[in-house]
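S.K.: build the 3D model from these lines:
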Amino acid sequence: MANEFYALLGRMRYITRWGLMRNTFSENIQEHSHQVAVLAHALALIRRDILKLPGPDPDRCAVAALYHDASEILTGDLPTPIKYYNPGIKDAYKQVERIAGERLLTMVPPQLRESYARLVLEDDKELEPIVKAADKLSAYIKCIEEQKAGNTEFDSAARATMEAMEAMDLPELTWFIDKCLPAYALNLDQL
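M.R.: Modelled structure (predicted):
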């Protein structure tokens, strides 16, 4: 291989999310991954510095979030209603993501593969709850932005995503929802 990994990461901007939904603006996995990284970092900081709870390092959470959808460079973004339709499809898609992640790792310079493996394969169980919470939070923020633009297509997605976040029962996520999330409904002048 010719170390294609970094060039492929640059192509994340061509993979759009929310493929089954009418969007007022498109979102790609590169910008989504950046937002998830910012949110994961914030959630870990809130856990550590505000709630004074033990937890993973905020910097590690941010980096893991940057790569959480890396396998989608090869698989594309499978819409949530399909991905989670039933346990069989969910498990099969997890296998596809794993195979894609392993394929991506073959494109990393050999000396760096070990460092990227936990990121690309999402194998760090300590970071997983924070990154998953940040991923859901990013989806909910997309729903808010679409609703602000008058797009009711995202109403049910917003409800389902909020229910999923509440079920996570993470105090740092609850804190963010209560203290920070309302600002996403404001316009620039209100901010």
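S.K.: ranges for the helices of this protein?
M.R.: Ranges of helices in the chain, per DSSP state H, are 5-10, 29-45, 58-66, 72-75, 80-83, 87-105, 113-120, 128-148, 155-168, 171-179.
S.K.: mean confidence for stretch 120-128?
M.R.: Computed over stretch 120-128, the mean pLDDT rounds to 95.
S.K.: I meant stretch 135-146, not that one.
M.R.: 98.
S.K.: what does stretch 174-191 give?
M.R.: pLDDT averaged over stretch 174-191 gives 96.
S.K.: quick one: it to chain centroid distance?
M.R.: Averaging C-alpha positions (CA atoms, centre = their mean, to the nearest Å) puts stretch 174-191 19 Å from its chain's average.
S.K.: report how many residues lie close to the closest residue to residue 78 other than its chain neighbours.
M.R.: Spatial nearest neighbour of residue 78, excluding adjacent residues (CB to CB, 6 or more residues apart in numbering): residue 93 at 6.1 Å. No exception for glycine: its C-beta is placed from N, CA and C like everyone else's. The number of residues packed near residue 93 is 16, by other CB atoms under 10 Å.
S.K.: hmm, residue 134 is touching residue 45, no?
M.R.: No - with contact defined as CB atoms under 8 Å, residue 134 does not count as touching residue 45 (11.8 Å).
S.K.: what about the two, which has more around it?
M.R.: Higher neighbour count among residue 134 and residue 45: residue 134, with 28 against 17, using other CB under 10 Å.
S.K.: next one: that one from residue 83, what distance?
M.R.: 18 Å (CB to CB, to the nearest Å).
S.K.: so how far is stretch 58-78 from its chain's centroid?
M.R.: Once both centres are worked out by CA atoms, centre = their mean, stretch 58-78 turns out to sit 7 Å from its chain's centre.
S.K.: quick one: end-to-end distance for it.
M.R.: Using CA to CA, to the nearest Å, one end of stretch 58-78 lies 28 Å from the other.
S.K.: mind listing what's buried along that stretch?
M.R.: Residues 58, 60-75, 77 are the ones in stretch 58-78 that count as buried (16 or more other CB atoms under 10 Å).
S.K.: no more questions from me, cheers.
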